[in-house]
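Colleague: What follows is a predicted protein model with its sequence.
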Amino acid sequence: MKKLISILFLAIIAVTAFSSCELGDDDNVNYHFELIPTESAVFPESFILGQTYTIKVYYKRPTSCHFFEGFYYERDSNVRTIAVQTSVMHSDSCTELDEEPVEASFDFLPTSTGSYVFKFYQGKDQYGNNRFLEYEVPVVQQ
């Protein structure tokens, strides 16, 4: 009986210790996420239904504090809206960059016939509206 009480007591202490840990202070977040413009993308002339393709995307890092985090990806029927997502460090040592475009890629599997329209985010126009670079790729059956 003493062993059982001791085990229960240790279990309660362990649960209390783990549940009271703080993983961080949200007031001290030192980065944010930002979508940046796509320069270009590379597609085949057509897709074959059911075959996977690697799509290359090119973008420019605006500053030394922008780091690639992946793609924002939204699908609506056969339309894909895509943007390059970066994390941006909050730092006084960030410098503006004027470098060649960087390559990133994602895999795409066409699952329906017709055409797919890919809309890549290119920033905002003078009126604050989103601009997109569009590619339309037909799907053929083999």
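Modeller: Good, I have the coordinates.

Colleague: okay, CA-based contacts and neighbour counts for the rest of this
Modeller: Noted.

Colleague: could you point out where this protein is predicted with low confidence?
Modeller: 1-29 (pLDDT under 70).

Colleague: who's in contact with residue 111?
Modeller: 49-50 (CA atoms under 8 Å, 6 or more residues apart in numbering).

Colleague: correction: residue 48
Modeller: Contacts of residue 48 (CA under 8 Å, 6+ apart): 110, 139-142.

Colleague: ok, now how distant is it from residue 117?
Modeller: 15 Å (CA to CA, to the nearest Å).

Colleague: Quantify the burial of the nearest residue to residue 31 once chain neighbours are set aside by counting its neighbouring residues.
Modeller: Spatial nearest neighbour of residue 31, excluding adjacent residues (CA to CA, 6 or more residues apart in numbering): residue 89 at 4.3 Å. In terms of burial, residue 89 registers 18 neighbours under the definition other CA atoms under 10 Å.
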